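J.: the amino acid sequence is not available; the structure is as follows:
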């Protein structure tokens, strides 16, 4: 399920690739999530499309990145705060901006409200747990 949207201004292709790869690694580590389930979207906005503190980026305003991280609602506060911390620092480092300019949010999502292949994630999770339990019973 983990999905991240990173909004940046004027990033290079290499910076966008690095952000995608490293946010994936952060998600996988902090949430102990399978990499194949993680999605990262890096959206690079034109400078004239972003205004920070009342100054358009095309006119010298700060290219302040913003991110949204979606996680299942049952993730711990510690995990959510660690995601905020690590992703904020990564954006500051990769984009070479002051950390104080980075903004982000965690959006907890109920598994009943998240779809995977047209099915609620809660249903799929239940099926995975049942399949693992059935597999363990058959291995004795």
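T.: All right, it came through fine. Computed from a prediction, not measured in an experiment: that's the story for all the values here.
J.: per-residue pLDDT, residue 140?
T.: Note on residue 140: pLDDT of 52.
J.: contact partners of stretch 37-48?
T.: Stretch 37-48 has contacts (Cβ atoms under 8 Å, 6 or more residues apart in numbering) with 1-11, 16, 19-20, 23-24, 27-28, 56-58, 63. Just so you know, the C-beta spots here come from the backbone N, C-alpha and C atoms, and that holds for glycine as well.
J.: quick one: that stretch to chain centroid distance?
T.: Centroid separation for stretch 37-48 versus its chain: 11 Å, with Cα atoms, centre = their mean, to the nearest Å.
J.: in PyMOL, how would I select just the buried ones from the contacts of stretch 37-48?
T.: This is the PyMOL syntax for the buried subset of the contacts of stretch 37-48, where burial follows 16 or more other Cβ atoms under 10 Å:
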select buried, resi 1+2+3+4+5+6+7+8+9+11+16+19+20+23+24+27+28+57+63
